[in-house]
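Novice: dropping a prediction and its sequence here:
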Amino acid sequence: MRVGIGYDVHPLARGRRLVLGGIDVPFDKGLDGHSDADVLVHAIIDALLGAAGLGDIGTHFPSSEPEYEDISSVTLLRQVGSLLQTDGWQIENIDATIVAEQPQLSPFIHQMQQRISETLGISQEKVGVKSTTSKGLGFVGKGEGIAAHAVALVEKSERWRKSAEEE
């Protein structure tokens, strides 16, 4: 078993959609970034890649590449899930926290968990998503951005381990 940690942050900007956990969240601002800037999914991607020893989101999906401009982060998450599976890893669980002063995210948490679990092909019970504020402190507290932290636990699949032992 291996554990990975992920973190992401993006500034809020007018004229952008707010996408968190692959869900459109109604708000007057969205996150600014090269892709859809979904900080929750980006943090989860980094946690999964880190746990599997496969680098980070920037290595696999560099912002310098035009093909990733405005791409859905869920598309990237699906690719990472496939990469882990190909490399013999199964996801045991993901736990993530979104840090935002606004908007109120609790009505959307269940949808986020569902979208992430469906994208990765794992049960919803393996995906924990929470939200909190920073109590007015720092750039997030001032409403200038949103951050997310994630932890992932992965394990080499039984089939993968048996084939490695046979070699």
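Specialist: Arrived safely, thanks for sending.
Novice: show me where this structure has its strands.
Specialist: Using DSSP state E, the strands of the chain run over 2-13, 19-20, 23-24, 30-31, 89-99, 127-132, 145-156.
Novice: how about CSV for those strands, with mean pLDDT added?
Specialist: CSV is the format used below for those (pLDDT from 0 to 100):
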stretch, mean pLDDT
strand 2-13, 97
strand 19-20, 98
strand 23-24, 97
strand 30-31, 96
strand 89-99, 97
strand 127-132, 98
strand 145-156, 98
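Novice: could you check how far the residue nearest to Asp32 when sequence neighbours are not counted is from Leu76?
Specialist: Once flanking residues are discounted, Asp32 sits nearest to Ala13: 3.9 Å by CB to CB, 6 or more residues apart in numbering. To be clear about C-beta, it is placed using only N, CA and C from the backbone, and glycine gets the same treatment. In this structure, Ala13 and Leu76 are 20 Å apart, going by CB to CB, to the nearest Å.
Novice: report the contact partners of the residue nearest the centre of the chain.
Specialist: Against the mean C-alpha coordinate of the chain, by CA atoms, centre = their mean, the closest residue is Val41 at 2.0 Å. Neighbouring residues of Val41 by CB atoms under 8 Å, 6 or more residues apart in numbering: Gly21, Gly22, Ser73, Val74, Leu76, Leu77, Ile116.
Novice: thanks a lot, catch you later.
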